[in-house]
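structure, please.
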Amino acid sequence: MSKEDEVRRVRGEIEKLEAARLRLSEGVMRGKPEALEEDRRHEGRIRELAHWLMSIERKTRREGR
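Residues are numbered from 1 along each chain as shown. Below is the predicted model:
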């Protein structure tokens, strides 16, 4: 898989996780433990993926692409 394909895949996964967090928002606002736990899990995964994307962007800029 090319880097471009991997970046596209990661961005798609982030979009799905954000949509899942949006669906959980009512439960999170009501303090439901299962919604809070799932939201935290999604948030952590988004953070991991965003970190990976930023590292790829920095590397690409350094390489002058």
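
in three-state terms, label the residue most central in space within the chain for me.
With distances taken as Cα atoms, centre = their mean, I46 lies nearest the centre of the chain, 2.5 Å away. Three-state call for I46 (DSSP: H, G, I helix; E, B strand; the rest coil): helix.

show the pLDDT at R65.
Confidence at R65, expressed as pLDDT, is 56.

show me where the protein has its helices.
Assigned helices in the chain, in chain order: 3-29, 33-63 (criterion: DSSP state H).

which ones are touching L36?
With contacts taken as Cβ atoms under 8 Å, 6 or more residues apart in numbering, L36 has the following neighbours: 27-28. For glycine as for every other residue, the C-beta is placed from the backbone atoms N, C-alpha and C.

hmm, back to that, verify the stated contact: the residue nearest to the centre of the chain with I14.
Yes: with contact defined as Cβ atoms under 8 Å, I46 counts as touching I14 (5.7 Å).

ok, how many other residues are close to A20?
Other residues near A20 come to 15 when the count uses other Cβ atoms under 10 Å.

cool, and E43?
Residues contacting E43 under the criterion other Cβ under 10 Å number 13.

quick check: it touching E18?
No: with contacts counted by Cβ under 8 Å, E43 stays clear of E18, the gap being 9.8 Å.

mind listing what the residue nearest to the centre of the chain touches?
With contacts taken as Cβ under 8 Å, 6+ apart, I46 has the following neighbours: 14, 17-18, 21.

could you rerun that using 7 Å?
I46 makes contacts with 14, 17-18, as judged by Cβ atoms under 7 Å, 6 or more residues apart in numbering.

let's have those residues in TSV, adding pLDDT and distance to E4.
As requested, these are arranged in TSV below (pLDDT from 0 to 100; distance: Cβ to Cβ, whole Å):
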residue	pLDDT	distance to E4
I14	98	16
L17	98	21
E18	98	21
